[in-house]
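> Sequence unavailable; structure follows:
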């Protein structure tokens, strides 16, 4: 069997002395692994840095086999953020989260497109932090843990949406929350109103997505989120993430 596709390098782990098992995120074949022989050789290793875009050819005797990749570098994104620690941390977080949460060999075109967009943003100019938050929301949605931030779960209103239910992931208005407000997660306005976020809004948004990513990780048998995301949070100087357990919720 053989196929050709474009992909984002998610990881490259050593295999023997000179080879690596490379994970790619491709539009047509989803998250897919393959062995690259000689990937650690001088001049070849930088190709397989997470975040880079490559053209890949996969071949294997049977579809279920690991198979082999032959890759050509298209865009060396990682090299453009090497001297920007926070952007590099965000690139690493995107790649690590995609590898953790996407099912192997199942196409996820929405996540692939969003990943290409945020990685291009990270290696370009301008503020990327809000775009990164929306990427995490896309990942949650496409892995079955999406948030509904369009209207209040209690009143049905679209006005004054201020909270999110930690159980259902649905927005709650200030009036709808009532006495439950202290037990709900904060909903930054920019996530549903299209306004420009301030620093506190961004930190609150990452706390919100982090809560649901953590819960999704637990559901997949993992104790915590990838270290790469934790390093990004440290770099952004965010508040501690809430634990997935111990919260009450609306009916």
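Looks like it came in fine. Note that the structure is a prediction, hence the values are computed from the model and not measured.

> Please make it C-alpha for all contacts and neighbour counts, starting now.
Noted.

> could you say which helix or strand contains residue 211?
According to DSSP states H and E, residue 211 maps onto helix 199-219.

> List the buried residues for that helix?
Neighbour-count burial for helix 199-219 flags 201-217 (criterion: 16 or more other C-alpha atoms under 10 Å).

> Likewise for stretch 105-124?
105, 107-109, 111-112, 114-116, 118-123.

> hmm, who's touching it?
8, 25-32, 51, 77-78, 80-81, 87, 90-91, 94, 102, 128, 131-132, 135, 138-139, 142 (C-alpha atoms under 8 Å, 6 or more residues apart in numbering).

> From these, list just the buried residues.
Looks like those have 8, 25-32, 51, 77-78, 81, 87, 90-91, 94, 102, 128, 131-132, 135, 138-139, 142 buried, using 16+ other C-alpha under 10 Å.

> Out of the residues you listed, list just those in helices.
Judged by DSSP state H, the subset of the buried ones among the contacts of stretch 105-124 located in helices is 77-78, 87, 90-91, 94, 131-132, 135, 138-139, 142.

> could you redo those as CSV and give each row distance to residue 234 and pLDDT?
Below are those laid out as CSV (distance: C-alpha to C-alpha, whole Å; pLDDT from 0 to 100):
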residue, distance to residue 234, pLDDT
77, 22, 95
78, 20, 93
87, 13, 96
90, 11, 97
91, 14, 97
94, 15, 98
131, 18, 96
132, 15, 97
135, 19, 98
138, 22, 97
139, 21, 97
142, 26, 95
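
> Save the residues you listed as JSON lines, and put in distance to residue 16 too.
Below are these laid out as JSON lines (distance: C-alpha to C-alpha, whole Å):
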{"residue": "77", "distance to residue 16": "27"}
{"residue": "78", "distance to residue 16": "24"}
{"residue": "87", "distance to residue 16": "31"}
{"residue": "90", "distance to residue 16": "29"}
{"residue": "91", "distance to residue 16": "27"}
{"residue": "94", "distance to residue 16": "27"}
{"residue": "131", "distance to residue 16": "38"}
{"residue": "132", "distance to residue 16": "35"}
{"residue": "135", "distance to residue 16": "35"}
{"residue": "138", "distance to residue 16": "36"}
{"residue": "139", "distance to residue 16": "33"}
{"residue": "142", "distance to residue 16": "35"}
